[in-house]
Every structure is written in C-alpha cells, then in structure tokens.
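Participant: coords please:
(chains A and B)
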Amino acid sequence: MSKQQKLIRRVYPIYMLLILFGLGILFKIGQVQFIEGDHWQELAKSYSTKHRKIDAIRGNIYASDGSLIATSVPKYEVRFDLNAEAITNELFAKHIDSLCLELSLLLPEKAKNEWKSELTQARKNGARYHLIRRKLSYTQIKKMRQFPIFSRGKYKGGFISIQQNKREKPFQVLASRTIGYSRDNSKPVGLEGAYNKILSGTQGLQLMQKIAGGIWMPIEDENEIEPEDGSDIITTIDINIQDVAENALLEQLIKQDADHGCVVLMEVATGEVKAIANLNKTKNGGYWETYNYAVGESTEPGSTFKLASLIAALEDGYIDLDDSVETGNGMYKFYDQKMYDSRIGGYGKITIKRAFEVSSNIAVARTINENYRNNPQKFIDRLYKMNLHQKLGIEIYGEGEPRIKSANDPTWSGISLPWISHGYEVSLTPLQILAFYNAVANDGKMVKPRFVKEIRKIGKPIKIFGPEVINPAICSKATIEKAKAMLEGVVQQGTATNLKNANFKIAGKTGTAQIYNAKTGYKNDKQVSYQASFVGYFPANKPMYSCIVVVNAPSKNVYYGNLVAGPIFKEIADKVYATSIQLHEEIKNTAQFAERTPIPVSKNGNRYDLNKVYSELKVPSLQNGENATWVAASAGRDKVTLYKRVFKVGIIPNFIGMDLKDAIYIIENMGLKADFTGKGIIKEQTPNAGTKVENFDRVKLILT
Amino acid sequence: MLAVFSLLLVYSSIVTLAYKHHGGNTAYYLFRHGIFLGLGFVLMYVTHKMKYSYFSRIAQLLLYASVPLLLLTLLIGSNLNNASRWLTIPVINQSFQTSDLAKLGLIMYTARMLWLKKEILHNFRQAFVPIIIPVGVVCALILPANFSTAAVLFSACMVLMFIGGIPIKHFLSLVPVGVVALSMIFLIAQFAPQVFPRAETWKKRVERYVGDKNAEDIAGNYQVAQAKIAISNGGILGRGPGNSTQRAFLPHPYSDFIYAIVLEEYGALGGVFILLLYIVLFFRTIKMSTKTDKPFPQLLAIGISFLMVFQALINMGVAVNLLPVTGQPLPLMSMGGTSTWFTCIGLGIILSVSRGIDLENNTKTKLDDYAIA
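Facilitator: The predicted model follows:
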C-alpha cells in the first residue's frame, strides 16, 4: 500500500507541471490575441494571397498543308529575388561580377558596371522581385539559367521567370480575319473565337502571396492545378491559294480604288474553304483585313441571284432554256417602276439561256413575274426549298442573316416579285451565294462551307470533320444540267467572255448590283454606288472548286462584275488550275516528246538516292564496280554511269559536283563544320581534296 | 474515456477536411486520413482486448526490434529536409517513422524494468543504470535526425522513472553526463557537420526563438509569424470551420502547426477545449491507476499517457511560440499516417490496462469507469 501511495504522491507534481505548461499556452494565446493582436493583424494584411491563373498553352492553328498560321510564342519576364535567404553576402560578392558580365553580354542595354551597381543597390534596398527584363525569348531564358547565382534556381538563386504567351500569325494579313482572335471582354472573332474552348485548354492555378512592397510571389514551386494545354486546329485553308487570292484581290482593289472586297474559294465536293480573303480600305489608304465581309455582310446580291430565280421556274416546268422572251428596247415598266437592261436599246426577243448569258433584268423579271404573279408564294417557297433563306450555320460568329421575304410580308408589293427575281429586295452574304452556286456545281447537293478539317492534340487527331450536307438535292438533275449550261454560256458567249481560257472552262455569273444605303437609297453622294461580283466554278466540265469574288464600291467608274470581279476570279482560277495536277487532262501524244530524251545531267551523291531517282524517271544507269555509298555520276549519250567515290579517313574528299546536302553530311560526319556561299552544285572547295583533315576545322564551299 | 477519444477523432477529421478543401484532391486526403483513423481504431480495439501483462513481453521485443530499425533509418531512410526519419516498409509501400515505434517500445520497456526492479530501486548500480542505458541508447539513435523527439522521449522516461520511485539523487548523476554529451554534440556539429546535418537548423531555430522579437516579420521567423497571425485571426470564438486563411502560409498546417489552425478556426475557446481534453486524458489515467496497486499497469498507463500529453503540449507550445519551432505532431489530431497508428496502439494499451484493472476490481467500481468511458 505504501508503494501505491508513494506513486500517487510522485505523479501529482508532474501533473501540476503539465497544468502549468497548459496555463503557459493559454497565457501565450491571450498575449498574442489581446496584446500583440493589432501587430499581427497588420502583418496579416501584408501577407494576403490570391490565386493566379496560369494560362495553358493555347493550341496552334494550321493551314491544311501544316503551315502554322496562328501560334503562341512564349515570352518571359525575369525577376531577381536579390534577398533570397540562400544568397549570402559571401556568395553575392563572389559571383556578382561574373553574373553582371554575363548579363551585359546577353542584354547589352546595360554595361557590366551598370548592372553591378543596379543589382548591388537593389540588394541593399531589400528588393525581392527586381525586374531584370521583360519579353525575353526562350533561348535567352535558357542561357540565363546557366548564369552564376541564377543557376542555383528559384529559391537558392532568386531566379524568377514568368511566362507569358503572345499570339502571333506568321502569315500576317493572310486570312487574318477568318483566323480571328479571342480576347476577354470582346466578341469572339473568326476561328480563334469559334474554337476558343478547344484551343485554350484548361487554366491552371497557382497560389500567390503578397510580400512587402505589394509584390506577388508564388508560394510553392508547384501549381495547385496544373494547366492542360489546348488542342490544335487544322484548317481547310490552303496557304498558297490564300496567298494568290489575297494578292489578286488586293491588286484589283487598288486598281479600282474600291472600298472593300472579298474572295472565297471552296472545294466543290467537300465544302472545304481553301481561301478566304477580306480586305478593306483603311484610313491611311492601304488595305487590311478588319472585317469578315464574306461571312458577315449580307447585301442585295443583284444579278447573281438570277440563277436561283430561273432554277425555280425551270424546276416548276414553266420555262425551258430555248423558250423565248421579249425584252423590248431595254426598258420595261412594272406598274410605275422602270426596269432597264444594261445594253442601250435592249436585246429584243431572246431565248431564256441567252437572257441569262447577257444578264437581262427584264427577261428574268418578266419570266418570273408572268409565271408566278398569281401565286408569288410558290416562287418564294421554291427559293426556301433551296435553303436560300437559312443561315449556313458556320462556326465563325457573326454570320449575316439571309433575307428573302415571304409573299405575305407587309412590305410585299406588286413589284416585289420582278425585283426579287433579279436580286433586289433580298439579301445574302457572299458565302451564302457561294454555297448555292457550289450546290449547282456539286450536282444539286448543297454542302456547308467548312473551315476546319481536324482537331489535334499532341499531334494525334481527336476529331476529324467531314462534309456536312445541308440539302442533298436543291432541285432535279435535269434542272442542274440546264443551270450549268447557262453558267458556261455566260463565260463562253455572255457577259464574262473576258474569263475565257484555252486550258479549262470556267462557269459562272457576273453580278452588278446597286448598293442600297439606308439613308440615301441607291444613290450615295449623288452617284450610284455599285457592288461588282463574280461567282462560279471550274473546271466547268468537272467542277473542283467554286469561288466568289465581291468588290464593293469601286470608284473608277468601272463597275461591271466581269471587269471588276472577273479578273480576280480568273487569276485565282488560273493559279489553282496550274498547281493542281489532278485537274489537268492527260497529254495524249507523249511519243513526240519522248523521241529524243537526252540523258539528264546528274549530280554526284548517295548511290541509293540517285538510283531511286533513276528508276522513278526510267533513266538507264550503269553501276560501276563496287557498291560504294558515295558515287560520282557521269551522264553519257544513253545512260548514266556511276563511279565509286573513295573517302579516306583523315583526308578531305573531293566535294566538287556534289550538292550541298550531301557535302554537309560528309563534312559534319568528319567532325568539321561547313561554310558555304551561293546555290546549286559545289564548284570550289577549300581546303582542296586530298589535304589532311587534322589541320582544319572548317571547310569552305562555293556553289555555282 | 472512449467518448473523449472519439470526440478527438471526429474533431480531427473536421479540421482535416477544413484545411484541405482548398486544394485539389481534398477527397483523396480526407479518405486517406479516414482510412488511417479507421485502421487506428481497429488497432486500438485489438490492443485493448489484450491482457496488459502481455505488454511486458512485447515491450522487450519492441525495444530489441527498434534499435536495429533506428540504425537502418539513420543509414538508408528517406531524407526529408536533411532528416532521415522515415523507413519504407517493403510490400505495402508505406513509409513510417521508426521513432514512433521506438517511443512506444521504450516507454513500455521502462515501465517493465521499473516493475521488475521495484524492490531494488534504491540501488544505483542494479536499478538506475540498467534502466537508463536503453533509454540513452534509443534516444541517442533518434537524436541526429530528430532532436525534439529524442528530448521529449527522454523527458518522458525520466518522469516515468521519477514516478516509478527512483530516488531523486540518482537523477543528479545524469547532469554531468548530459553536459558532456551535449557539448560533444556541439563540438561534432562544429567540426564534422555531416554527422549532424540538422545541427544548423536547430541552432537557427533556437537563435530565432531567443532572438529579437521584432525580426519576426522577416522571412526567417516566417513560421512563427504566420502561426501568430493565425492565432490573432481566431479571436475568442474563431472564424468557423474551414475559414482559415493562414493554412496557406503555414508549412505543415496539418501536423506541426495544426494547433494554430485550430485556434484560427475555432478561436481561443476551441483551443482551450482541446488543451483540456489532453489534460483530462492524463488526469483520467492517474485516477484509473489509483485503483490498482500493481506497479506495471500503473507505470505503463501513466508513461504512455504522459508521453502523449507532453507531446501534445509541446506541439501547442510551439504553435503559440512558447517553445522554439520543432516538429512534434499533435497526437490524434495531426494528419500523419503511421504516427496515428502508434498513438492508437498507445491508447489501446491504456484502455487495456483500464479494462484489466476493472476485471481485477470487478467487485466495486465497475460502473464507474465505463460510465465515463
């Protein structure tokens, strides 16, 4: 029993001690809360935090051939935590000179001593976030990481780099409006806007803390939520065609001193938009892409709409191509409204086909008016069946609203029918008209214009877009054939004979519309303002591409569609045709060319490569002797003879006659560097062949 | 007593939830913590079903096992902040702090030795020396990696020996040994820093503690400053669960500085409540041990209880800057896998003792203890 009592006795002092300890803690809590409270609250304010968003790397936008048309280029801001704990005075003193020397070499805007005094002063001032430089490239930052002190990293070396991404378009103005942009607080534009979610990926988060001086620094090295990079978008844009289109448009706009214009080129079968150019006059007189007219500008199309009207009448069986129509002397009155044809004196009595070819307003208006006068809604319904009143539903924001009013619309009048028939009182965007013409070219199947082929993530396709059919048949096959015949006629013997070409046929329709201004009507500055257009497809017999050109407000008194828009169309068509080998008809009589084919002069080089070329081109060759990798070629009368080229270790070989690629391969394999000037085949070299390698470290090559 | 523990546990999970939900993976941490606690409970239950007399044997085994384990840890253990404290168990791939095992083992062993030598406690050579040697060895092995744990454990053993009846004059003999040992550490740290890689940290922490209070807002005393902001934020009633802002700044808000977060979210009242829980735990243990006259269960329960409560108080002391910064977890509250388990086993042992005593005295106070439990 005494034992137990003793134990109890001894445990109480310990217990008391623990209680004392506890009281100490309580006291401390009280002290911090009530006595020092204000001080800590003050301090807490200076320590506030926020979550910084870390943008994921935005996906790239590529042209169909893989050229980069929009990309994010990382830029870095570098700051220096001069008072990082691990940078001791000793360390700082030891390395500051070499660091400043390196800095002055990389960023020569300040000399070594300037850097040194700046950094020393900043360290003295307690700087923890001293700005070294903004907008540095990745290579620069990589070099900086190797610098003394900086190489110790963020915590031990105070090296802080902050990445920012800048969006760049390597092709500048090319399709720039269609590529578009996406910014906060502004409407999304173009593909950047439409595919913003896919391109932008998922934002990451990093907890930042405010330190003395109101500067934010990341608390931990790792991010709380890692950003996930955006996917890439492969567009349908063909950068070469785009270039041609943009240049052709620009040239013509300058020539006509026009206000603005646009060009869209589309692949008939798939609806892939290969080129889309929009240019408008800027304040300083130049032209730039600032609005996507092709997508957004809904205007009265004028004569190009006649195709739709005549297709309707053909489809309803009211007319045929050979039916004749009286156009009179070039003026016709619908109630009190006069309608004119462009030829003074009129076309007289002509066939429907001819009327289309010469673009007679009266002929089309009378045909439609007389056939549908009693039931105008029937005509409108025909147009609706061809989906002309519906938006195409393209992904780019801001598609213009097509407008074709119904016969019971309050603004419908007695002249509505004739005027609609030749493209007034209706409005469509250039892209919508193109989609309609494309449907004709595509044997009646209307496909949706597309700008994006594929979405890729880290090089792997995650979504592939195929053609989207809006309407499988806008009208019967027979009507399509008639429509095609009319469109070909326009170029062959109609208003657009200036587009005729010996190699391939273009089919299409000119349009010359007066522009309606909400304030001044069709007159602007006491002068009628025009919109010239040409829309069509080529080659006419086997349509591959459809294209529309619209030039708005040409001011040089030339306003006819064929003269203003036509040349642009032709230039683009010619270029596209010339570069599309699959469009060319086979040259039939090859014998006359093949008769005396000389053996081509051949470069020296790799045996395997050369043989591959020879077998592809069916050039007879003689393999001389051993199976050497590097050979010299000599062209004879009926064959090429290959000789072995010998390379001895340590001896500079003879490069003359080789091409640069092979020579550099050999030179660099020998451990040397190559300098070269010129283009073509190597004609001179220093050191000369046969010299020992060990005396040199570079080989100079002069090309022809 | 069980009620007290479960309350602690629930509390702990709330807090864990509270400060982790700001980051990603909250569910993961919470789930993991829940599993650890659940397993801890199981361990506690199993331990508490065992007869306390077995612990005497187990103590020996644990101690013998922990010495080589500690050595192994020092040599190959994974290195966190220059301190090799962790050893990864193969197969289940769970790392654990070997010192936790050693702590439990040593306390149990000391209780056992005190009991075995109860008749000769006054004999310096035959009682004091054989008891102090294992204590010294184990603490010395923990010391290079974790000074504070070694110190806490050493104090707990001293207290236990004191309670166990070792004459006070015997302890005095330790003073010269201690002085010599500490100066040796100091010298070694000076001239061969690689032996005590943490020596620099210890020095800094102590310097900061004794140093100029105004320097606190400078990065060096960052942890302390942040903890104090947390305490001051909390006020009397606290900001409410989950509203801590300081958790973002405090390193290890879920272990070493959890008490500061408790103070911030639940205020001084919450803090006092937690403090009281630990004090009550110790008090209950004393009460319980008065019901038996067998020294082993008494010493066992008091030793383990003291170790836990002492560690808890140290943790709180650090959080309120009563003590220099050191990494003692708050038993049961801190999130930290295996140490929770060892704590649970410790509690299980206390409960087992309590159960054992009750069985022995089942004539009377049977209702007493379980009523409160």
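Participant: Break chain A down into its domains, please.
Facilitator: Annotated domains of chain A cover A:3-35, A:52-177+A:201-232, A:242-582, A:590-703 [automatic domain parsing].
Participant: Up against chain A, what does the stretch 251-373 of chain B have?
Facilitator: B:263, B:268, B:271-272, B:275, B:278-279, B:282-283, B:286, B:289-290, B:292-293, B:295, B:298-299, B:302, B:306, B:309-310, B:313, B:316-317, B:320-322 (C-beta under 8 Å from any C-beta of the partner chain). Every residue, glycine included, has its C-beta placed from N, CA and C.
Participant: picking up where we left off before, and chain B, which of the domains of chain A is closest to it?
Facilitator: Closest to chain B of the domains of chain A, according to C-beta to the nearest C-beta: domain A:3-35, at 3.9 Å.
Participant: Sketch out the strands for chain B, chain order is fine.
Facilitator: B:78-80, B:83-89, B:94-97 (DSSP state E).
Participant: Restricted to buried residues, select the residues of the stretch 251-373 of chain B next to chain A in ChimeraX.
Facilitator: Selection of buried members from these for ChimeraX, criterion 16 or more other C-beta atoms under 10 Å in any protein chain shown:
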select /B:263,268,271,272,275,278,279,282,283,286,289,292,295,298,299,302,306,309,310,313,316,317,320,321,322
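Participant: Just list the residues touching residue A:660, thanks.
Facilitator: Taking C-beta atoms under 8 Å, 6 or more residues apart in numbering or on different chains as the criterion, residue A:660 is in contact with A:676, A:682, A:701, A:703.
Participant: Only the C-alpha atoms, please, for the top strand by length along chain A, written as PDB.
Facilitator: Longest strand of chain A, by residue count under DSSP E: strand A:68-80. Once non-C-alpha atoms are left out, strand A:68-80 reads as follows in PDB (Å, rounded to 0.1, in the frame of the first residue of the first chain):
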ATOM      1  CA  LEU A  68       1.500  27.400 -89.000                       C
ATOM      2  CA  ILE A  69      -1.000  30.300 -89.300                       C
ATOM      3  CA  ALA A  70      -1.500  31.200 -85.700                       C
ATOM      4  CA  THR A  71       0.600  30.200 -82.800                       C
ATOM      5  CA  SER A  72       1.500  31.300 -79.300                       C
ATOM      6  CA  VAL A  73       5.000  32.400 -78.700                       C
ATOM      7  CA  PRO A  74       6.200  32.300 -75.100                       C
ATOM      8  CA  LYS A  75       7.800  35.400 -73.800                       C
ATOM      9  CA  TYR A  76       9.400  35.600 -70.400                       C
ATOM     10  CA  GLU A  77       9.800  38.200 -67.700                       C
ATOM     11  CA  VAL A  78      12.700  37.700 -65.500                       C
ATOM     12  CA  ARG A  79      13.000  38.900 -61.900                       C
ATOM     13  CA  PHE A  80      15.600  38.500 -59.400                       C
END
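Participant: quick one: strands adjacent to it?
Facilitator: strand A:61-62 (antiparallel), strand A:130-136 (antiparallel), strand A:159-168 (antiparallel) (DSSP bridges).
Participant: name the helices or strands packed onto the helix ranked longest in chain B?
Facilitator: The residue-count maximum for a helix in chain B (DSSP state H) belongs to helix B:258-289. Packing contacts for helix B:258-289, counted by 3 or more C-beta pairs under 8 Å, 6 or more residues apart in numbering or on different chains; DSSP states H and E, involve helix A:2-30, helix B:2-20, helix B:222-234, helix B:295-319, helix B:337-360.
Participant: rank these by mean pLDDT and give me the bottom one.
Facilitator: In terms of mean pLDDT, the lowest-scoring of the helices and strands packed on helix B:258-289 is helix B:2-20 (a mean of 46).
Participant: low pLDDT regions in the chain?
Facilitator: By default, I'm working from chain A. A:1-8, A:42-51, A:209-217, A:219-224, A:517-527, A:556, A:583-598, A:625-627, A:646-647 (pLDDT under 70).
Participant: my bad, the chain I had in mind was chain B
Facilitator: In chain B, residues with pLDDT under 70: B:1-33, B:76-96, B:190-223, B:239-256, B:326-338, B:361-373.
Participant: Mind doing that once more with 50?
Facilitator: The model of chain B has pLDDT under 50 over residues B:1-7, B:9-25, B:81-82, B:212-220, B:364-373.
Participant: Contact partners for residue A:444?
Facilitator: Contacts for residue A:444 (C-beta under 8 Å, 6+ apart) come out as A:472, A:473, A:474, A:475, A:476, A:477, A:480.
Participant: Excluding sequence neighbours, find me the nearest residue to it.
Facilitator: Once flanking residues are discounted, residue A:444 sits nearest to residue A:473: 4.4 Å by C-beta to C-beta, 6 or more residues apart in numbering or on different chains.
Participant: Might one say that that neighbour is in contact with residue A:445?
Facilitator: Yes. Judged on C-beta atoms under 8 Å, residue A:473 makes contact with residue A:445 at a distance of 6.5 Å.
Participant: one step back: between the helices and strands packed on helix B:258-289, which gets nearest to residue A:274?
Facilitator: With C-beta to C-beta, the closest approach to residue A:274 among the helices and strands packed on helix B:258-289 belongs to helix B:2-20: 54.2 Å.
Participant: secondary structure class for residue A:230?
Facilitator: What DSSP: H, G, I helix; E, B strand; the rest coil gives for residue A:230 is coil.
Participant: if I look at it, how far off is residue A:544?
Facilitator: In this view, residue A:230 and residue A:544 are 33 Å apart by C-beta to C-beta, to the nearest Å.
Participant: Reformat the strands paired with strand A:68-80 as a markdown table; add distance to residue A:31 and mean neighbour count.
Facilitator: Conversion of the strands paired with strand A:68-80 to a markdown table gives the following (distance: least, C-beta to C-beta, whole Å; neighbours: other C-beta atoms under 10 Å in any protein chain shown):
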| stretch | distance to residue A:31 | mean neighbour count |
| --- | --- | --- |
| strand A:61-62 | 62 | 24 |
| strand A:130-136 | 37 | 16 |
| strand A:159-168 | 37 | 15 |
